[in-house]
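**Student:** Kindly return the folded structure for what I paste below:
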Amino acid sequence: YGVLEGLLASTLRPSQLLVEFHHRHAGLDPSQTVATVANLREAGYALADISSTGREFTFLFRPDLGDVSP
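**Tutor:** Numbering: from 1, shown residues only. As a prediction, the model looks like this:
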């Protein structure tokens, strides 16, 4: 989560992000994932795919598209 926060605080905008969230582990709150996904989308990342397990997310930097979530 901290790495993504740092990325969003910078001027770097990779065209694609593949993220595995570990909110299933003890001590990690699923609300952290929800907030991080919202922050990425606010920054111009479109949610392109979520794996069948709900852990792996694919984001594309497409601020021109708005929200194109599956």
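
**Student:** which element is the residue sitting nearest the centre point of the chain on?
**Tutor:** Centroid-nearest residue in the chain, with CA atoms, centre = their mean: Val37, separated by 4.1 Å. Under the criterion of DSSP states H and E, Val37 resides in helix 30-42.

**Student:** Report the rounded mean pLDDT for that helix.
**Tutor:** Averaged across helix 30-42, pLDDT comes to 93.

**Student:** For that helix, name the packing helices and strands.
**Tutor:** Here helix 30-42 touches helix 2-9, strand 45-50, going by 3 or more CB pairs under 8 Å, 6 or more residues apart in numbering; DSSP states H and E. From N, CA and C alone the C-beta is placed, and that goes for glycine too.

**Student:** could you check the angle strand 45-50 makes with the longest one?
**Tutor:** What separates the directions of helix 2-9 and strand 45-50 is an angle of 150 degrees, with axes from the mean of the first three to the mean of the last three CA atoms, to 10 degrees.

**Student:** what comes into contact with helix 2-9?
**Tutor:** Pro14, Leu17, Val19, Thr36, Asn39, Leu40, Ala43 (CB atoms under 8 Å, 6 or more residues apart in numbering).

**Student:** buried subset of these?
**Tutor:** Buried members of the contacts of helix 2-9, scored by 16 or more other CB atoms under 10 Å, are Leu17, Val19, Thr36, Leu40.

**Student:** Point me to the helix or strand that includes the nearest residue to the first one once chain neighbours are set aside.
**Tutor:** Right, Leu17. Among residues not flanking Leu17 along the chain, Phe59 sits closest, at 4.3 Å (CB to CB, 6 or more residues apart in numbering). Element membership for Phe59 (DSSP H and E) is strand 56-61.

**Student:** how about the CA coordinates for that strand, as PDB?
**Tutor:** Coordinates of each C-alpha in strand 56-61 appear next as PDB, following Å, rounded to 0.1, in the frame of the first residue of the first chain:
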ATOM      1  CA  GLU A  56      -4.900  -9.300  -8.600                       C
ATOM      2  CA  PHE A  57      -5.900  -6.000 -10.200                       C
ATOM      3  CA  THR A  58      -4.900  -4.600 -13.600                       C
ATOM      4  CA  PHE A  59      -4.900  -0.800 -14.000                       C
ATOM      5  CA  LEU A  60      -4.300   1.200 -17.100                       C
ATOM      6  CA  PHE A  61      -3.400   4.900 -17.000                       C
END
